[in-house]
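Student: Predicted coordinates and the sequence they were generated for:
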Amino acid sequence: MPKYTQQQLTQNIINMLKEKLQKDYSPGSTKRDAHPKSLGLLKAYFIVEKNLPPKYKVGIFKEEKTYSTFIRISNSSPKINSDKMKDFRGFSLKLLDVHGPRCSKDEKTTQDFLFINNETMPIGTLKLFHDAIYYTTKSNPFIFGVKLLFSGKIGILKDIRQNQKHDSSPLDIRYFSTTPYMFGEKKVKYSLVPRSIYKSKLPKDMSSTYLTNNMKTHLDNHEAVFDFMVQFQTKGMPINDASVKWSESKSPFIKLATLKIPIQEFTTKEREELGEVLSFSPAHSLVSHRPIGDINIARIKIYEEMSRFRHDRNKEELFEPNEKKFRNIN
């Protein structure tokens, strides 16, 4: 395969993903190219900690404030599969009423944070990400495995298999940003640590929607709580390889906020429809929290192009939620 620049790799990925969606879906019913299966769209509150030290008062953490927040929870497989299949989970936050200099004009008053329930992104470089898409959509996945074997990177596939799981509930597990971001003049990664009193149990007979069912049981009678944590980069923590874990012993995670998910009914048609039309991106951000690194820079363009492509095929307008929508939605 020829060598490409970062811009060429990014455009190739966009072209391949568009071709795949055109094959997989008809106009009017096009899903996301990644994380297409939603497990639920939740309403939550992002509560900045009181009395933060001055060095942490950056961006959304400058003042004690509570942000209304939408959370889209998903399975990561590019296909809509049964919850019986082991998988990674996605957990995307969209904070509302966020004001200040922005990375992108796509959304004017939101701050997105994107997480998965794995400490790293196994396919952690832009080149590997490009090749994985190429060999799984236009060639043969077996060839990709052979290339990883002869390049000494076969452990990537082992890492993926070992970390795909049957989780008791998306509300019970820890999440990581895996990719880095700016925090003012510092570089950081983020994590969400579950703190709920109530815990779900893995059912003996897993249904195709057991993850949504367990979340519903949880939120019918109990709130869910996560600590929002930040980890600062120190020596030896790479920016352009998301497969490398940043050591917590060298740089422990620090709590900056609490994410509270109140008791609610989320399995409604209105929630489902809003979850489909929302767009999440690292670019929906204040400049003080801007995404960095090759993968994030590529994601900005990929997510923007793919969101517009999906909405255009479905004859839908791009939609940015606000406080009024948050208050009024069932």
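Tutor: Looks like it arrived, so ask away.
Student: quick check, distance from stretch 105-122 to the centre of its chain.
Tutor: 5 Å (C-alpha atoms, centre = their mean, to the nearest Å).
Student: for stretch 136-146, same thing?
Tutor: Relative to its chain's centre, stretch 136-146 lies at 25 Å (C-alpha atoms, centre = their mean).
Student: mind listing what's buried in it?
Tutor: Phe144 (16 or more other C-beta atoms under 10 Å). Glycine gets a C-beta too; all of them are placed from N, C-alpha and C.
Student: Show me the contact partners of it.
Tutor: Residues from elsewhere that reach stretch 136-146 (C-beta atoms under 8 Å, 6 or more residues apart in numbering): Met16, Leu17, Glu19, Lys20, Asp131, Ala132, Tyr134, Tyr135, Ile154, Leu157.
Student: in its sheet, what does the longest strand seen in the chain sit against?
Tutor: Across the chain, the longest stretch assigned as strand under DSSP state E is strand 37-48. Take DSSP bridges as the rule and strand 37-48 pairs in its sheet with strand 66-75 (antiparallel), strand 254-261 (antiparallel).
Student: Of those, which is nearest Asn240?
Tutor: Across the strands paired with strand 37-48, Asn240 has its closest neighbour in strand 254-261 (23.9 Å, C-beta to C-beta).
Student: next helix or strand past the closest one?
Tutor: helix 269-277 (DSSP states H and E).
Student: How far does that next one sit from its chain's centre?
Tutor: 17 Å.
Student: other SSEs contacting it?
Tutor: Packed against helix 269-277 by the contact rule (3 or more C-beta pairs under 8 Å, 6 or more residues apart in numbering; DSSP states H and E) you find strand 37-48.
Student: which parts of the strand it packs on are buried?
Tutor: Lys37, Ser38, Leu39, Gly40, Leu41, Leu42, Lys43, Ala44, Tyr45, Phe46, Ile47, Val48.
Student: In space, what's closest to the second one - neighbours in sequence excluded?
Tutor: Distances taken as C-beta to C-beta, 6 or more residues apart in numbering put Gly275 closest to Ser38, at 4.7 Å, once the chain neighbours are dropped.
Student: which ones are touching that neighbour?
Tutor: Applying C-beta under 8 Å, 6+ apart, we find Gly275 in contact with Ser38, Gly40, Leu41, Arg72.
Student: for the second one, what are its contacts?
Tutor: Counting by C-beta under 8 Å, 6+ apart, Gly40 touches Arg72, Ile73, Pro170, Thr212, Met215, Lys216, Phe266, Thr267, Arg271, Gly275.
Student: State the distance from the first one to Ile254.
Tutor: So the one you mean is Arg72. 26 Å (C-beta to C-beta, to the nearest Å).
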